Structure formats: structure tokens, C-alpha cells
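S.K.: Dropping a prediction and its sequence here:
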Amino acid sequence: MHVVLVIPPFDLSASFGSKKRMQLGVLAPLGVGYLAASLEPRGHTVTLIDAIALALNQDEAVDRILSARPDVIGISCVTKMAENAYAVIAALKARAPDIPVVFGGAHATSFVERVLDECPGIDFLVPGEGEITLADLVDRLAEGRDWGDLPGLVYREGGGQVHCTPVPEPVRDLDTLPNPARHIYQSELYLPLPNQARRKPATTVITSRGCPWGKCAFCYQGGRYAQPYRQRSAAHVVDELGHLVKDFGIREVIFWDDNFGMSRTWTEEFCRRLEQERLDITWTAQMRVNTVRPESLKRMASVGCYNVYYGFESGNQELLDMIHKGITLDEIRNAVTWAKQAGMEIRGSFILGLPTETPEMSEKTIRFACELNVDWMIFFPYIVRRGTPLEERALREGRVVDSGTNMHLPSYVPNTYASAEQLEAMVKRAYRRYYMRPAFIGRTLWQARKWSRLKNYAGAARIWVDMMRSRSQRP
């Protein structure tokens, strides 16, 4: 069967507050790559239509999907794209009602109970890790066999009642899964943000699944479809990197794990194997501040890691405790110091406008961010994620407001703030305070002597200006 996998349309430019089309920040979607890699060995063919990367609107996406002559359509999305995905599915069903539509991704995993009600055009829901379930389903559809006993499926029975089959056992040994089918990507469409990579072409890789912490109150791990933390072997990851370099000319890898290198033993083995292979790549990683160690950071730097990302979240210990982040301000300071000593660039992020957070607490977070003085800093307004442990308290002590798609406009206002406009002004104040400091400007000018960094800083400056110029357009 011919399976067309779809990333639905989304205005990435608007999410950064820009009216110009943005190509930067679109990375190869690994989830659909893993799905394709499971389907193809069973004799199915796969086409990817990434409407974000292709800059397609709804009508263009539907035309492109149907022109590919699919036997099955698979749509993957996160919650921010859900309404767009639903609109595409409705349009597809109006024109081709007999083509099965399978829906998966983070939104499907987080909101299993409501997705089929919200979008009647969906035939099958595959929450959680879908490689095996989707491949088994497509096999059954191709053979005209019943699918009712397949684990990991959600669908409507004859009377319209939603039926969930048992949750499948997670794949314990990730090395048994094939690597993403990279040939389905149009590589020229995927360009990282200026602070995500120095060298091109660059791509993403994951070395683990699940979250080893899994307690942050603002994060949703997928309810009953949540997956345990598992890590690929270091040998398996390095083997994939070798193929990326030799077969696709990749020069930089962005490790997309929520928490890279949780095990110091694994990290050392990975670095040793990478050193032995002598691969010409640089790389970046996301890590937790309370699990990094100075010796691991130095070892990572010795084999090409030049940039590490930390989620700091707040400069107020009481807020870190409230969201169950499991870190302290001193651990944040140590992690930053150690990465600097290893010669690394540091990216970081904070959340402003958490429940109970006052403007004075936000100011404290901004001062703390300036104290850390890392290379790149992002200030996100808090987003209420349905189903998370923090949702109930957030709604009790604040209100949700319409923010459109701009991720820098508040979609939630705690009762401690007078208005969304006050919080919006605080977010912009944080960016001005951070990036207009003499210490930041001086360091940037010094580092910009290198061409790779100059290009990145210039690109980031354009995005920053667009964001600062953007104005709220709330109804």
C-alpha cells in the first residue's frame, strides 16, 4: 500500500511574531521517519508531505496529498497544530471519503479521549509510539483483515462508540527499531534556527525515549500511553551518525532528547566510540542542570559538542519547587559554570507568568538570567497544557486568553498580573534587558569575528527585531 504521511500546515512565521515567511527553525520530523522505516520493510511505499516545510496552506496541502494517490493517510501533529490538522482531514474526507485516515503524534497521545469527538473524519487513532501498531494496521488493511485485536488502536465501532484496544508493551530494546527513513525528507527544506547549528547540512537524532524525571507539573507525559525511559546503545547511535555523514553528508547533529546523556557511563562510551570513528561532525545536546558533571561536559566538548541547552524555567526557587522541576538555583549556576569551563556555548530558557508568579518574581528571573550570562536565552510565557498536573491550579489562579499562534504572546495570565498586556510587556522587557546588556553585546562582537558565528548572530538579530516589533492583536 502507498502510505502518505502528513505534517499539517502551520504558520511558523506567526509563531515568532514575524509577518515574513520563515524557513529557519524547520527540522526534519523524526517521528514520521521512524514510521516510514517500519512500513517500508513490509513492502509498503511511503511519501512525506510536510506542509510546514513546503509552506503549504490547507487547500494546497489537501491537493498535494490527494495527488500522491494514497491508499492510507497518516497525519501527525502537536496540539498547537490540531485545529489545522482537523481542517485538513475534513477537506480530505469531503473529497475522498474512502481513504482511511490515521492520526498520531503528541496531540493524539495527550488527548486520546477527545480527539475522535473533535474530528469525526479520523478513522484510526494511534497514540504513543506508533511504529509497530501503524505497520500492523496497514498490513491488515492491505490484506482486508480485521484490525480489532491490534494493541494500541483507538477507533469507532459500528454503532459509533469509541473503542480502545489494550495499550501495547513498549519496545524495550530501542536498537531493534530501524533508524528513520531519511530518504523521505527533502533535506534542502530543513534549516535550523541560528542558535541551533553552526554547520550545514544539520539534522536531528534521538538517543533515548521517555523522560527519566517525568515529574514537571507543566509537562504532560501522555497519560496511560506514557513511555518509560529507555536509551539506545552508544554503538547503535554512533553507527547511525556514521551513515548520516557518509550517505547524506551531514556535518552537524542536533540531539533532540529531552535529557541527553543521563548516564555518565553511557556518555563516556558514546564519546569514546565517536572519537574512534573520527567522524567530521559537530553536535549539540539538551541536558538537565542537576545531572551534568564537569568531566562529562569536557569529554563531550573534546569530540565535537560545542553547545548545550538547559531548561532553567525560573529564577525563583519557590516557583521551581511548585512546578516540581527538581533543581536548585545553585545547580543552575554550577551547570552554566561547568559548560563555560568546557568551552561550550550555552542556550537556556525561562518561563514567565507561571501561576502565582508576581511581576516582582518575573523581575527576579530576569536578573538571574542576566547573572548567568549565557550565549542564547529564550523567555516563554507559560502555556496551560490540558491534562497536566499544573492545569487545575493555573485555571484556579488565573485565566486563559487568546494568543493566536505567536508563542511569545501570553495565552495565560495569572491573577497576580493585571492583564495579558502587562505580561506581554514583561516578556519583551526580559528580551531587551538580556540582549541589550553591554556584557552581552561586547561578547557577541568578540565572538562574531568567526564567520559561522557572525551569520548566526545576524540571523538571530532579524528574528529578535521582528519579535520586538510584533504587537498583540487579540480579539
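M.R.: Received it, and whenever you're ready, just let me know what you need.
S.K.: Please make it C-alpha for all contacts and neighbour counts, starting now.
M.R.: Noted.
S.K.: Might you report the residue contacts of the residue nearest the centre of the chain?
M.R.: The residue lying closest to the centre of the chain (C-alpha atoms, centre = their mean) is Trp256, at 7.6 Å. The contact partners of Trp256, by C-alpha atoms under 8 Å, 6 or more residues apart in numbering, come to 204-206, 285-286.
S.K.: can you do 6 Å?
M.R.: Trp256 makes contact with 205-206, according to C-alpha atoms under 6 Å, 6 or more residues apart in numbering.
S.K.: do the same with Ala87
M.R.: Contacts for Ala87 were tallied using C-alpha under 6 Å, 6+ apart; there are none.
S.K.: Repeat that for Gly348.
M.R.: By C-alpha under 6 Å, 6+ apart, the contact set of Gly348 is 309-311, 377.
S.K.: Look up how far His236 lies from the residue nearest to the centre of the chain.
M.R.: 16 Å (C-alpha to C-alpha, to the nearest Å).
S.K.: in what helix or strand does Val102 lie?
M.R.: If you go by DSSP states H and E, Val102 is part of strand 101-104.
S.K.: Off-centre distance for that strand?
M.R.: Counting by C-alpha atoms, centre = their mean, to the nearest Å, strand 101-104 is centred 19 Å from the centre of its parent chain.
S.K.: partners of it in the sheet?
M.R.: Using DSSP bridges, strand 101-104 pairs in its sheet with strand 72-76 (parallel), strand 124-126 (parallel).
S.K.: which residues are contacting that strand?
M.R.: Residues lying outside strand 101-104 but in contact with it, judged by C-alpha under 6 Å, 6+ apart, are 73-76, 122-127.
S.K.: Put together CSV for these, with neighbour count, pLDDT and distance to Gly261 on each row.
M.R.: Formatted as CSV, the contacts of strand 101-104 follow (neighbours: other C-alpha atoms under 10 Å; pLDDT from 0 to 100; distance: C-alpha to C-alpha, whole Å):
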residue, neighbour count, pLDDT, distance to Gly261
Ile73, 22, 98, 36
Gly74, 23, 98, 32
Ile75, 23, 98, 31
Ser76, 22, 96, 27
Ile122, 22, 97, 38
Asp123, 15, 97, 39
Phe124, 19, 97, 35
Leu125, 26, 96, 32
Val126, 25, 96, 29
Pro127, 25, 93, 26
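S.K.: quick one: which two of the residues you listed are the most distant?
M.R.: Spatial extent of the contacts of strand 101-104 (C-alpha to C-alpha) is set by the pair Ile73 and Pro127 at 15.6 Å.
S.K.: in the sheet, who's paired with Val3?
M.R.: For Val3, the beta-bridge partners under DSSP bridges are Val46, Val72.
S.K.: picking that back up, now distance to Phe111 too, for the contacts of strand 101-104, in TSV please.
M.R.: Shown next, in TSV, are the contacts of strand 101-104 (distance: C-alpha to C-alpha, whole Å):
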residue	distance to Phe111
Ile73	20
Gly74	17
Ile75	15
Ser76	13
Ile122	14
Asp123	16
Phe124	14
Leu125	10
Val126	11
Pro127	9
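S.K.: hmm, who's touching stretch 269-279?
M.R.: Ala234.
S.K.: What residues sit buried inside that stretch?
M.R.: By 16 or more other C-alpha atoms under 10 Å, the buried positions in stretch 269-279 come out as 270-274, 279.
S.K.: Of the residues you listed, which belong to helices?
M.R.: Secondary structure assignment by DSSP state H places 270-274 of the buried residues of stretch 269-279 in helices.
S.K.: I'd like to know how far the closest residue to Lys200 other than its chain neighbours sits from Leu319.
M.R.: Excluding the flanking residues, the one nearest Lys200 by C-alpha to C-alpha, 6 or more residues apart in numbering is Arg251, at 6.0 Å. Distance of Arg251 to Leu319, given as C-alpha to C-alpha: 39 Å.
S.K.: what about the two, which has more around it?
M.R.: More crowded of Arg251 and Leu319, by other C-alpha atoms under 10 Å: Arg251, with 21 against 17.
S.K.: so who does that one touch?
M.R.: Residues in contact with Arg251 (C-alpha under 6 Å, 6+ apart) are 200-202, 281.
S.K.: Roughly how far does it sit from Ile281?
M.R.: Arg251 sits 5 Å away from Ile281 when distances are taken as C-alpha to C-alpha.
S.K.: Can you give me the neighbour number for Gly43?
M.R.: Residues lying near Gly43 (other C-alpha under 10 Å) number 11.
S.K.: correction: Ala285
M.R.: Residues within reach of Ala285, counting by other C-alpha under 10 Å, total 24.
S.K.: so how far does stretch 33-49 reach from one end to the other?
M.R.: End-to-end distance for stretch 33-49: 12 Å, by C-alpha to C-alpha.
S.K.: typo on my end, it should be stretch 391-401
M.R.: In stretch 391-401, first residue to last residue: 14 Å (C-alpha to C-alpha).
S.K.: same check, this time on stretch 394-406
M.R.: 20 Å.
S.K.: Stretch 62-74 too?
M.R.: Start and end residues of stretch 62-74 are separated by 13 Å (C-alpha to C-alpha).
S.K.: If we ignore the residues flanking it in sequence, what's nearest Val32?
M.R.: Closest to Val32 by C-alpha to C-alpha, 6+ apart is Leu5, at 6.8 Å.
S.K.: Quick check: the one you found is in a helix.
M.R.: No - counting by DSSP: H, G, I helix; E, B strand; the rest coil, Leu5 is not found in a helix; it is strand.
S.K.: Next one: it from Pro70, what distance?
M.R.: Distance, Leu5 to Pro70, by C-alpha to C-alpha: 9 Å.
S.K.: Likewise for Leu48?
M.R.: As judged by C-alpha to C-alpha, Leu48 and Pro70 stand 11 Å apart.
S.K.: which residues do these two both contact?
M.R.: Common neighbours of Leu48 and Pro70 (criterion: C-alpha under 6 Å, 6+ apart): Val4.
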